[in-house]
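K.L.:
just the structure for this:
(one chain, ligands or ions: 1)
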Amino acid sequence: MSKELFFPVVETERLALRPIAIEDADSLLGISSDPEVMRYWNTAPWETIQDAIDFINASNDAMRRQTSLVLGVYLKSTGELAGKCMLFSYDKESRRAEIGFGLGRSAWGRGYIGEAGEALIQYGFNSLGLRRIEAEIDPDNQSSAKALERLGFSREGLLRQRWEVNGIVSDSAMYGRLASDPSAMAS
Ligand SMILES: CC(C)(COP(=O)(O)OP(=O)(O)OC[C@H]1O[C@@H](n2cnc3c(N)ncnc32)[C@H](O)[C@@H]1OP(=O)(O)O)[C@@H](O)C(=O)NCCC(=O)NCCS
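P.N.:
Got it, this is the predicted structure:
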């Protein structure tokens, strides 16, 4: 696969999805140090700028190895970093990957994930040749569940006591969308 496939710029009406620039480490820390944003994430809120730098470097390494696609969600109107979205756990042979999203609190509720998510999903199906995209969320994360259902995902099961983060045990709800599924419903 060509190198550029894992370093794309994907544009939607309001957003540009592209690899996160190291200059945006501060903005990324602002987003990922917010306990509300990280409430259902599988890591604790970040604390230092090094956490953001490490994430950006690890993302670039994973994209070079073609194991993950980790993209910043940038607002086209201001150039501001609103959050991140990713395709990870890429299994080339099975043509499957997992999707994840995290937006800063000020960007919630504007349908950005509908827009960014659909663009990322289409990129996964059409450019990476994926057959299946899956998502794993905390069953209490209703915002994520709604966003996934609007993106055309079906809930496929519940994995009990799958995570323990900071001593708190939680279940995972599993969602999936196939390239052959009907596309997302309008919200
Ligand atoms: C989950 C998330 C990605 C959804 O993205 P989004 O662009 O806000 O999605 P939408 O605009 O379609 O809103 C989806 C739902 O989020 C909830 N929501 C939206 N704005 C909200 C706000 N300001 N406060 C609380 N909930 C809100 C609503 O339930 C909304 O559904 P509704 O429109 O029927 O009321 C985003 O809220 C987020 O990044 N949350 C924190 C990180 C996270 O939990 N990521 C998922 C872990 S895998």
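
K.L.:
give me every residue in this structure lying close to the ligand.
P.N.:
Selection of the chain residues close to the ligand by C-beta under 6 Å from any ligand atom yields 37, 40-41, 83, 100-103, 108-114, 137, 141-144, 146-147. The C-beta positions use only the backbone N, C-alpha and C, and glycine is treated the same way.

K.L.:
drop anything exposed from the residues you listed.
P.N.:
By neighbour count, with 16 or more other C-beta atoms under 10 Å, the residues of the chain next to the ligand hold 37, 40-41, 83, 100-103, 108, 112-114, 137, 141, 144, 147 as buried.

K.L.:
mind listing which of these are in helices?
P.N.:
Per DSSP state H, helices hold the following members of those: 112, 113, 114, 144, 147.

K.L.:
which of those sit farthest apart?
P.N.:
Pairwise distances across those peak at 13.2 Å for 112 and 144 (criterion: C-beta to C-beta).

K.L.:
report the beta-bridge partner residues of residue 165.
P.N.:
Judged by DSSP bridges, the bridge partners of residue 165 are residue 168.

K.L.:
report the contact partners of it.
P.N.:
Counting by C-beta atoms under 8 Å, 6 or more residues apart in numbering, residue 165 touches 41, 42, 43, 44.

K.L.:
likewise for residue 88?
P.N.:
The neighbourhood of residue 88, defined by C-beta under 8 Å, 6+ apart, consists of 62, 67, 68, 69, 70, 97, 98, 100.

K.L.:
quick check: pLDDT value at the closest residue to the ligand within the chain.
P.N.:
The ligand sits closest to residue 109 of the chain, with a gap of 2.6 Å, by C-beta to the nearest ligand atom. Residue 109 carries a pLDDT score of 94 in this model.
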